[in-house]
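[1] Mind folding the following:
(chains A and B, ligands or ions: 2)
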Amino acid sequence: MAEANLSPSPSGGYYNYPVIRRPVWTWEIPVYFWLGGIAGGAYLTSSAAGLFGDDDDRRATGGGFYIAAGALLPCAPLLIADLGRPDRFHFMLRIFKPLSPMNLGAWTLAGFTPMAVARAMAQAGGEARLPMLLSLLSRLVPSRLLELSGSVFGLVLAGYTGVLLGATNVPLWAKSKLLPGLFTASAVSAGAAAVSWSAERSASDRTLAKLATVETAGTLGELGLAFGYIRQSGRAARPLMARPYALPFWGGAVGLGGIVPLVLRLAARGGSNRTKRRLGTVAAACTIIGSLALRWSIFEAGKKSSEDQQASMEMATPKE
Amino acid sequence: MIEAYQRVMNVESPPAPKTPKGFFTDTSLCIGCKACEVACKQWNQLPADGYRLSGDSYDNTGRFSATTWRHVEFVEQAKANSRRDGQRWLMMSDVCKHCANAACLEACPTGSLIRTEYGTVYVQQDICNGCGFCVPACPFGVIDRAPKHGTFEPGTAHKCTLCYDRLRDDMTPACAKACPTASIQFGDVEELQARARRRLGELRTRGESRAQLYGMPENEEAREVGPLHAFFLLLDKPAVYNLPEVPRLPRKSMAQRYAWSGAVAIGAAVLSALVFGRRG
Ligand code: SF4
Ligand code: SF4
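    Numbering: from 1, shown residues only, chains lettered A, B, ... in the order given. Ligands and ions are numbered 1, 2, ... in the order given. Next up is the predicted model:
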């Protein structure tokens, strides 16, 4: 039919004007996603080692609690800096509205940060790194309880960010429903990597091998979910296939953050313990950088996809 | 304690609901004069957006923004045939739809976005902290955050208020008041809907076969976002006016997204417990 010619745009829309508005968030957000993910993943890993592991595991992985607390501290300032009215940051906790993933995330962060800081204090007290008074205080911290509850909060913090991006109308963020799973898997691998990086000197070979297993499992999940995510996104994923986001996504997140660590650990299997440690540390660093690349590229490419009229229209078409 | 919290957080109880108010925009009457855009800017004291020329049509406004709450579109349908028939010039004054299930309102973490006593969707300027979540949540690209370092209300979100201040004084919103052809009609939503159905019938009998209503309760586009309090009579398919066929409400797929993150999280917790718990 000639009907298509009647429209001023090849896609049948209004010229080539975007259907939705471009997100206004800036770099603070993906950096926060990354740090929050590492904090959640590291806390989970150290808690699992503490709750289920042997003495070796527990001693060597305590650094994860420092990492979690350290990664969480810049999170609130980053989020506040991105607000249009930073002076009104406290309105984030004005109401409790889990229907809004951003409100849920604010409460989660507000709950998880003191937990992680308290657990890190207990760790420092146990390692006799605190002055007298603080050390006495730190004995009051219910470590086991915090490990359990903090792990739940940490996992929510790692995953809700994907739900938040998906709770918009940006095609790249919302078309596929796998993004929250992808972010969670990447948080687990990056968090475990951070723990094994911190434990590299003190840990036994066995503990390092256990950490490597968690990292590998996380990375495999991440790669699988990433491919599923790209497939489901279809046209919406186009910005990730072209400059400037193809390199950070495919090279950074998938290559450096996913395939390189797998290959390195595979290569280390036959080698001496020393080589294993060396390559393990490099693999951990790659995983951590890759998880930033993943969030940054999806975040920025999403802004580009918000301008794609046809992707927006396709997403809003009823499925037969 | 609770009172102190409410004072710090600026929490008040809402007024009692009144009859829902809305707009019926009949695009078959629009002449593209943009009086609505100007009246809106004047009443709401919104600054001008500069002198950008789109080069596509008389539509130099192009899009909604924090300072543009009405947007007149010009669709030039030209068909190259010798008889020159099928050429049409469609005009439409677009506006915030004041959705019954509003994506912006559901996204808002501070409770700044509220449903008013008139059933409209309103940004409380003293609450909004400029988190920006409502901006990509709206399926129609309406609400926007004012630039952080600009001169107009820096950093907070803005959109049509359905002239909330005028409604409280029983006045018609500025755009509807200014519209010279009654393309923009203001009133009780139910009455406007009845009027829209009658008008559609009239146009159909006159041979406007492609005329349709957009945003009525029984229509496909209300499936997720609900009936629109500002709805339209269009002379062509919604996509021609950049309106989505079935505008998405993000909440509808949220459970599935949480399920994915929960499944991976549980998997990770179980796996790490097993890995560290392995003895021998
Ligand atoms: S059209 Fe957009 S801004 Fe207006 S009420 Fe609906 S979701 Fe909110
Ligand atoms: S920018 Fe303001 S109105 Fe929009 S979601 Fe955030 S707090 Fe609510």
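
[2] Only C-alpha atoms from now on, for both contacts and neighbour counts.
    Will do.

[3] centroid residue for the chain?
    Since you didn't name a chain, this refers to chain A. Residue closest to the average C-alpha location in chain A (CA atoms, centre = their mean): A:Gly37, at 3.4 Å.

[4] my question was about chain B
    With distances taken as CA atoms, centre = their mean, B:Cys96 lies nearest the centre of chain B, 2.8 Å away.

[5] pretty sure that one is touching B:Cys163, no?
    No: counting by CA atoms under 8 Å, B:Cys96 stays clear of B:Cys163, with 11.7 Å between them.

[6] any idea how far the residue nearest to the centre of chain B lies from ligand 2?
    14 Å (CA to the nearest ligand atom, to the nearest Å).

[7] Who are the contact partners of that residue?
    Applying CA atoms under 8 Å, 6 or more residues apart in numbering or on different chains to B:Cys96 gives the contacts B:69-70, B:140, B:142-143, B:159-160, B:230.

[8] same deal with A:Trp173?
    A:165-166, A:179, A:298, A:302.

[9] can you put those residues in CSV and add neighbour count and pLDDT?
    Converted to CSV, the contacts of A:Trp173 look like this (neighbours: other CA atoms under 10 Å in any protein chain shown; pLDDT from 0 to 100):
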residue, neighbour count, pLDDT
A:Leu165, 24, 98
A:Gly166, 27, 98
A:Leu179, 31, 98
A:Ile298, 24, 98
A:Gly302, 25, 98
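
[10] which of those come close to ligand 2?
    Applying CA under 6 Å from any ligand atom, the subset of these adjacent to ligand 2 is empty.

[11] can you tell me which of these are in helices?
    A:165-166, A:179, A:298, A:302 (DSSP state H).

[12] which among those gets closest to A:Gly63?
    Here the nearest of the ones in helices among the contacts of A:Trp173 to A:Gly63, counting by CA to CA, is A:Leu179; it sits at 28.9 Å.

[13] sorry, back to before: near chain B too, which of the ones in helices among the contacts of A:Trp173?
    When contact is defined as CA under 8 Å from any CA of the partner chain, the ones in helices among the contacts of A:Trp173 meet chain B at A:166, A:179.

[14] Please report phi then psi for the residue of the stretch 151-300 of chain A found nearest ligand 2.
    Going by CA to the nearest ligand atom, ligand 2 is nearest to A:Thr168 of the stretch 151-300 of chain A, at 11.2 Å. Dihedral pair for A:Thr168: phi -130, psi -170, per degrees, to the nearest 10.

[15] Skipping its backbone neighbours, what lies nearest it in space?
    B:Ala137 (4.1 Å; CA to CA, 6 or more residues apart in numbering or on different chains).

[16] ok, the one you found - contacts?
    By CA under 8 Å, 6+ apart, the neighbours of B:Ala137 are A:167-170, B:103-104, B:107, B:250.

[17] Which of these fall within helices?
    Counted as lying in helices by DSSP H, out of the contacts of B:Ala137, are B:103-104, B:107.

[18] remind me, longest helix of chain B?
    Longest helix in chain B, counting by DSSP H: helix B:254-277.

[19] I'd like the average pLDDT over it.
    Average pLDDT, helix B:254-277: 97.

[20] which stretches of the stretch 51-200 of chain B form strands?
    B:70-77, B:88-95, B:113-115, B:121-123, B:144-145, B:157-158, B:184-188 (DSSP state E, counting those that start in this stretch).

[21] Of all those, which one is nearest B:Ser28?
    Between these, strand B:88-95 lies closest to B:Ser28; by CA to CA that is 7.8 Å.

[22] other SSEs contacting the closest one?
    strand B:70-77 (3 or more CA pairs under 8 Å, 6 or more residues apart in numbering or on different chains; DSSP states H and E).

[23] Give me the contact status of the strand it packs on with chain A.
    Yes: judged by CA under 8 Å from any CA, strand B:70-77 comes into contact with chain A at B:75-77.

[24] quick one: which of these is nearest to B:Ala176?
    Looking across those and measuring by CA to CA, the closest to B:Ala176 is B:Val75, at 21.6 Å.

[25] for the closest one, which residues make a bridge with it?
    Note on B:Val75: beta-bridge partners B:Leu90, judged by DSSP bridges.

[26] My guess is it contacts B:Ser93. True?
    No: counting by CA under 8 Å, B:Val75 stays clear of B:Ser93, with 11.5 Å between them.

[27] Alongside ligand 1, which residues does the stretch 51-200 of chain B contribute?
    Checking the stretch 51-200 of chain B against ligand 1 by CA under 6 Å from any ligand atom, the hits are B:96-99, B:102-104, B:121, B:138, B:140, B:142-143.

[28] if we take those residues, which one ends up nearest to A:Ala246?
    B:Cys138 (27.6 Å).

[29] Output the longest helix of chain B in PDB, but only the C-alpha positions, please.
    What follows is helix B:254-277, C-alpha atoms only, in PDB (Å, rounded to 0.1, in the frame of the first residue of the first chain):
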ATOM      1  CA  MET B 254       9.100  -5.300  37.200                       C
ATOM      2  CA  ALA B 255       8.300  -8.600  38.900                       C
ATOM      3  CA  GLN B 256       9.900 -10.500  36.200                       C
ATOM      4  CA  ARG B 257      13.000  -8.300  36.400                       C
ATOM      5  CA  TYR B 258      13.200  -8.800  40.200                       C
ATOM      6  CA  ALA B 259      12.800 -12.500  39.600                       C
ATOM      7  CA  TRP B 260      15.800 -12.600  37.300                       C
ATOM      8  CA  SER B 261      18.000 -10.800  39.800                       C
ATOM      9  CA  GLY B 262      16.600 -12.900  42.700                       C
ATOM     10  CA  ALA B 263      17.300 -16.100  40.800                       C
ATOM     11  CA  VAL B 264      20.900 -15.200  40.100                       C
ATOM     12  CA  ALA B 265      21.300 -13.900  43.700                       C
ATOM     13  CA  ILE B 266      20.000 -17.200  45.200                       C
ATOM     14  CA  GLY B 267      22.100 -19.200  42.800                       C
ATOM     15  CA  ALA B 268      25.200 -17.200  43.800                       C
ATOM     16  CA  ALA B 269      24.500 -17.500  47.600                       C
ATOM     17  CA  VAL B 270      23.900 -21.300  47.400                       C
ATOM     18  CA  LEU B 271      26.900 -21.800  45.100                       C
ATOM     19  CA  SER B 272      29.300 -19.900  47.400                       C
ATOM     20  CA  ALA B 273      28.000 -21.600  50.500                       C
ATOM     21  CA  LEU B 274      28.600 -25.000  48.800                       C
ATOM     22  CA  VAL B 275      32.000 -24.000  47.500                       C
ATOM     23  CA  PHE B 276      33.200 -22.800  50.900                       C
ATOM     24  CA  GLY B 277      31.400 -25.600  52.800                       C
END
